[in-house]
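>>> could you look at this predicted model? Sequence included:
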Amino acid sequence: MAKKISVLMVDDEEQFRVTTSKILTKKGYETTIAGSGEEAIDILKDKPQDVVVLDIKMPGIDGHEALAEIKKIRPKTQVIMLTGHGALESAKESHARGAFDYLSKPCDINLLASKINDAYTSMAEGAVRAEKKARDIMIHIDDYTTVKVDDSVKEAVQSVKQSFESIIASSRLMETGHRSVLVFDKNRELAGILSIRDLIEAVRPAYLSAPKPSMADSIQYSPIFWSGLFTNQVKKMADKRVGDIMSGAPLTVDEESNLMEMADLMFTKRVRRLVVTSKGKVVGVVREQELFFEMANIIL
């Protein structure tokens, strides 16, 4: 984004608002937090915000009252309402009163980010919702886990594990880790991809896929045969090169590709992710999750 979208996160639950703010900041937004409707209104009087993410149920001024006041002092600011379980009708009421949209908790962070982007776009006078491109929904390459082709499997596993551990989460927020890593060669060219499925395939000894004499079946698949095999194979695999077990490079699409083009490619080629390029350079990744979130954004 050329301009950072300013977002005011308003929620009386400290863990939720701080956690959400941190993740949105990591995704490139300029975030401010408020613990109440009163605090949010005071902030908006002095500092305009592009988008407000506002919890409905709060002590003091609730979301409905805060929404009305926000629209008085900052009529162009778009407001996304957050509602807990069983409060859908209340959220719909807010929508009718001028809120841009509403989301239920627990809230998926990618869907929230998509809603924020749409809210910001709609601020333009007479803005018309345009269908997004690959660049609009992709995970930027700087935010996607990468390894080198000569790294060890152990190093790659650590990278995948960290992508999950780096997720800051609460009971009311969801974010998904990366189930694969992009593999680059020494020239920084995309060489392949290493997924959890590749690791599972690599941990199996080759002889399990070899033809077996029918008489040996009962012995080969006995409990004694399997005992300890997984642990031993994982330890052997740890020192292998990533390049020895990775899959080939994913299919690529240009950053200007439209969503149906990507959906068709994923379906016909039976792949779960696509690499996005700009002028031949890798700039991001679109997973099936990103297409799902956009479906949800359009439907809901």
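Perfect, I can see it now.

>>> please make it C-alpha for all contacts and neighbour counts, starting now.
Will do.

>>> mind listing the strands for the stretch 1-150 of the chain?
With DSSP state E, counting those that start in this stretch, the ranges of strands along the stretch 1-150 of the chain come out as 6-10, 30-34, 51-55, 78-83, 101-104, 107-108, 139-140, 146-148.

>>> against which helices or strands is the fifth one packed?
The elements that strand 101-104 packs onto, with contact taken as 3 or more C-alpha pairs under 8 Å, 6 or more residues apart in numbering; DSSP states H and E, are strand 78-83, helix 88-96.

>>> picking that back up, check the strands of the stretch 1-150 of the chain for me: which has the lowest mean pLDDT.
The weakest mean pLDDT among those belongs to strand 107-108, with a mean of 80.

>>> partners of that strand, with directions?
strand 173-174 (parallel) (DSSP bridges).

>>> immediately after the partner strand, which helix or strand?
Downstream of strand 173-174, the next assigned helix or strand under DSSP states H and E is strand 180-184.

>>> can you give me the helices for the stretch 101-250 of the chain?
Ranges of helices in the stretch 101-250 of the chain, per DSSP state H, counting those that start in this stretch, are 109-122, 134-137, 153-165, 196-203, 217-220, 223-226, 229-237, 242-245.

>>> ok and the longest one relative to strand 51-55, angle-wise?
I take that to be helix 109-122. Using axes from the mean of the first three to the mean of the last three C-alpha atoms, to 10 degrees, the inter-axis angle of helix 109-122 relative to strand 51-55 is 130 degrees.

>>> starting at the chain centroid, how far to helix 109-122?
Distance of helix 109-122 from the chain centroid (C-alpha atoms, centre = their mean, to the nearest Å) equals 13 Å.

>>> Throw the strands of the stretch 1-150 of the chain into a markdown table and include distance to E288 and mean neighbour count, thanks.
Shown next, in a markdown table, are the strands of the stretch 1-150 of the chain (distance: least, C-alpha to C-alpha, whole Å; neighbours: other C-alpha atoms under 10 Å):
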| stretch | distance to E288 | mean neighbour count |
| --- | --- | --- |
| strand 6-10 | 27 | 24 |
| strand 30-34 | 27 | 20 |
| strand 51-55 | 26 | 27 |
| strand 78-83 | 25 | 26 |
| strand 101-104 | 21 | 21 |
| strand 107-108 | 15 | 17 |
| strand 139-140 | 12 | 18 |
| strand 146-148 | 19 | 21 |
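
>>> make TSV from the ones you listed and add distance to I224 to it.
Formatted as TSV, the strands of the stretch 1-150 of the chain follow (distance: least, C-alpha to C-alpha, whole Å):
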stretch	distance to I224
strand 6-10	56
strand 30-34	57
strand 51-55	56
strand 78-83	53
strand 101-104	50
strand 107-108	44
strand 139-140	45
strand 146-148	37
